[in-house]
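Asker: Requesting a structural model of the entry that follows:
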Amino acid sequence: MSITITVPRDAVALGLGANRVARALFDGAERRGLVITIVRTGSRGLLWLEPMIEVATPGGRIAYGPVTPADIDSLLDAGLVEGGAHPLRLGRPEEIPYLARQHRLTFQRCGVVDPVSVEDYRAHGGYRGLEAALKLDAAGIIAEVRESGLRGRGGAGFPAGIKWNTVMLAQAEQKYVVCNADEGDSGTFADRMMMEGDPFNLIEGMTIAGLATDATRGYIYLRSEYPQAFATLKEAIANGIRAGVLGENVLNSGKAFHLEVRLGAGAYICGEETSLLESLEGRRGIVRAKPPIPALKGFLGQPTLVNNVMTFTAVPYILQHGAKAYAEYGMGRSLGTLAIQLAGNIKHGGLIEYAFGITLREIIEDFGGGTQSGRPIRAVQVGGPLGAYFPDHLLDTPLDYEAMAANKGLVGHGGIVVFDDTVDMAKQARFAFEFCAVESCGKCTPCRIGATRGVETMDKVIAGIRPTENLAVVADLCDVMTDGSLCAMGGLTPMPVMSAITHFPEDFQQRGPMSVAAE
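Answerer: Modelled structure (predicted):
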């Protein structure tokens, strides 16, 4: 009888030697006359334990990790195929405290299923949301999405049901569904993990969106830095067409939905929906002035629904279990779960899916285990490179759109990057300006010029040249960028800058002997 062992094909696991582990496992089993089947899955998100392999036993899966090729002989000698005892044995994955505490709604199959197998996806509950959607009309589908409280997970937090309804009501012969998979925020990797580990969840969510908006064509706009996700998505789509879950007759419903993956050239600004559409149409990715909004005039001038990967992948659960079941998670106007990505100077970095309302301190200490360096936490950036830096006294802020906004922060895409007490916050503020200067599309003056002047002025502050006067210039620049920029690229760059200045003023004053010198 063949024993099934899963080895992740997630990009992080591959970078840590997962392919070599799979080869060593196959060779070691062959030498011992053991018959094994190796299934390449995604990651469960415990990144410090990758590569984490799992063996199927009569009592359930047993995990081991982190595994190197050198560990394979001792694992097999210890009875790996029966789930035997070994220093790397982690037990049942779902009982590992890091996983056991989570609310895995969207990521329930990630790291469990064969990513490109329609049969495995359906065996683990897949396509039940689409089957439920096919029993409803467009208004009924959108009602479920609206009543679930789902908000855009790409950063803006706009109610998904309102956007879907706008596209549904628009009149056009052709409409489109576009997935923004240009995951460019530092410290974020949930989109990549989903596309590499459970792509049919995204495909199903986009298909449901097509039914709801009468869109028969969809595009996944993927960043070029994700070659594994690109290959996995293409294979999954091809298998979906063969299985009848995509194409002219989705699940024999008479409804059509065609899906393609398009690879971007690698520009942070293409995470902004209008720049993305410009790029998707074959032009340089620069921001469009709004109105008109993409929901009315988007791809090729037609009504277009643009949502993030995490927004679309929440939809199958909502349609399968109902809006009420999803809305039972979360707090206030922030309902459902959030894919939290914990990175930076952290002992246990990885993916955490949890209901809105958990505090930053709980995430960092209870899940993350504190800093990797063992030094005290000084700053935490939430929401990507344009997110605010929070000091210790704000770490009890719940991850909730309104609570974060009240403290001049943002949830963003759920990325959390931790810094210990060695960080220089003046250099971090300078980095925010530099990042904007490099990544700006250049269309509007406040962003294009403001960010460059910001770098120059921060260099003076760091050099100790009239810090008080130059910080006043920085504040003025930030006001102009916030009020005058066309999109969030320039509009949000002041958030990390001003939060660093506000919460860590000591890093900006009296930096050197030139602090009172003339410029």
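
Asker: Surely residue 331 is in contact with residue 356?
Answerer: Yes. Using CB atoms under 8 Å, residue 331 is in contact with residue 356, at 5.6 Å. Where C-beta positions appear, they are placed from N, C-alpha and C, glycine not excepted.

Asker: now the residue nearest in space to the middle of the chain: how far from residue 413?
Answerer: Nearest to the mean C-alpha position of the chain, counting by CA atoms, centre = their mean, stands residue 190 at 3.3 Å. Distance check for residue 190 against residue 413: by CB to CB, to the nearest Å, it reads 7 Å.

Asker: what touches both of the two?
Answerer: 183, 310, 341 (CB atoms under 8 Å, 6 or more residues apart in numbering).

Asker: got those as TSV, with secondary structure and neighbour count columns?
Answerer: Converted to TSV, those look like this (DSSP: H, G, I helix; E, B strand; the rest coil; neighbours: other CB atoms under 10 Å):
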residue	secondary structure	neighbour count
183	coil	27
310	helix	27
341	strand	26
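
Asker: and which of those is nearest to residue 263?
Answerer: Using CB to CB, the shortest approach to residue 263 within these belongs to residue 183, at 13.3 Å.

Asker: Leaving out chain neighbours, which residue sits closest to the closest one?
Answerer: Spatial nearest neighbour of residue 183, excluding adjacent residues (CB to CB, 6 or more residues apart in numbering): residue 191 at 4.1 Å.

Asker: tell me the mean pLDDT over the helix or strand containing the one you found?
Answerer: Per DSSP states H and E: residue 191 is located in helix 190-197. When pLDDT is averaged over helix 190-197, the result is 98.

Asker: need the next SSE after that helix, C-terminal direction.
Answerer: helix 199-213.

Asker: how far out from the middle of the chain is that next one?
Answerer: In terms of CA atoms, centre = their mean, to the nearest Å, the centre of helix 199-213 is set 18 Å apart from its chain centre.

Asker: quick one, what contacts the residue nearest to the centre of the chain?
Answerer: By CB under 8 Å, 6+ apart, the residues touching residue 190 are 183, 309-310, 339, 341, 351, 413-414.

Asker: Residue 454 too?
Answerer: 430, 432-433, 436-437, 474, 477-478, 481, 493, 497.

Asker: switch to 7 Å and redo it
Answerer: 433, 474, 477 (CB atoms under 7 Å, 6 or more residues apart in numbering).

Asker: you'd agree the first one is up against residue 458?
Answerer: Which is residue 433. Yes. Counting by CB atoms under 7 Å, residue 433 does reach residue 458; the two are 6.0 Å apart.

Asker: sorry, back to before: could you save the contacts of residue 454 as CSV and add columns showing distance to residue 346, pLDDT and neighbour count?
Answerer: Formatted as CSV, these follow (distance: CB to CB, whole Å; pLDDT from 0 to 100; neighbours: other CB atoms under 10 Å):
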residue, distance to residue 346, pLDDT, neighbour count
433, 26, 92, 27
474, 29, 90, 24
477, 32, 92, 23
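
Asker: Among these, which ones are in helices?
Answerer: Those of those mapping onto helices are 433, 474, 477, per DSSP state H.

Asker: gap between the residue lying closest to the first one once chain neighbours are set aside and residue 419?
Answerer: When you say that, I think you mean residue 433. The spatially closest residue to residue 433, leaving aside those adjacent along the chain, is residue 454, at 3.4 Å (CB to CB, 6+ apart). Per CB to CB, residue 454 is found 21 Å from residue 419.

Asker: ok, now residue 96?
Answerer: 27 Å.

Asker: Give me the more crowded residue out of these two.
Answerer: It is residue 419, of residue 96 and residue 419, that has more neighbours when counted by other CB atoms under 10 Å, with 21 against 17.

Asker: Give the closest residue to the more buried one in space, chain neighbours not counted.
Answerer: residue 379 is the one closest to residue 419 (CB to CB, 6+ apart), at 4.5 Å.

Asker: what about that neighbour, which helix or strand?
Answerer: Taking DSSP H and E as the definition, residue 379 sits inside strand 377-382.

Asker: List the contacts of the helix or strand just after that strand.
Answerer: Using DSSP H and E, the helix or strand that directly follows strand 377-382 along the chain is strand 389-390. Here strand 389-390 makes contact (CB under 7 Å, 6+ apart) with 360, 379-382, 397, 409, 425, 428, 496, 499-500, 503.

Asker: What are the buried residues along the next helix or strand after strand 389-390?
Answerer: Where DSSP H and E defines the elements, the next helix or strand beyond strand 389-390 is helix 401-406. Going by neighbour count (16 or more other CB atoms under 10 Å), the buried part of helix 401-406 is 401, 403-404.

Asker: And stretch 37-56, by the same measure?
Answerer: Buried, per 16+ other CB under 10 Å, within stretch 37-56: 38-56.

Asker: now do stretch 356-365
Answerer: Here stretch 356-365 shows 356-364 as buried, counting by 16+ other CB under 10 Å.

Asker: And for stretch 490-505?
Answerer: Of the residues in stretch 490-505, 490-501, 503-504 count as buried by neighbour count, 16+ other CB under 10 Å.

Asker: where in the chain is pLDDT low?
Answerer: 1, 510-519 (pLDDT under 70).

Asker: now with 80?
Answerer: Confidence mapping of the chain against pLDDT under 80 gives the ranges 1, 155-156, 510-519.

Asker: ok, residue 461 - contacts?
Answerer: Contacts for residue 461 (CB under 7 Å, 6+ apart) come out as 426, 467, 470-471, 508.

Asker: actually residue 44, sorry about that
Answerer: 52, 93, 99, 110-111.

Asker: if we can go back for a sec, how about the contacts of strand 389-390 in JSON lines, adding distance to residue 147?
Answerer: Shown next, in JSON lines, are these (distance: CB to CB, whole Å):
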{"residue": "360", "distance to residue 147": "29"}
{"residue": "379", "distance to residue 147": "38"}
{"residue": "380", "distance to residue 147": "33"}
{"residue": "381", "distance to residue 147": "33"}
{"residue": "382", "distance to residue 147": "28"}
{"residue": "397", "distance to residue 147": "27"}
{"residue": "409", "distance to residue 147": "28"}
{"residue": "425", "distance to residue 147": "43"}
{"residue": "428", "distance to residue 147": "41"}
{"residue": "496", "distance to residue 147": "35"}
{"residue": "499", "distance to residue 147": "35"}
{"residue": "500", "distance to residue 147": "40"}
{"residue": "503", "distance to residue 147": "38"}
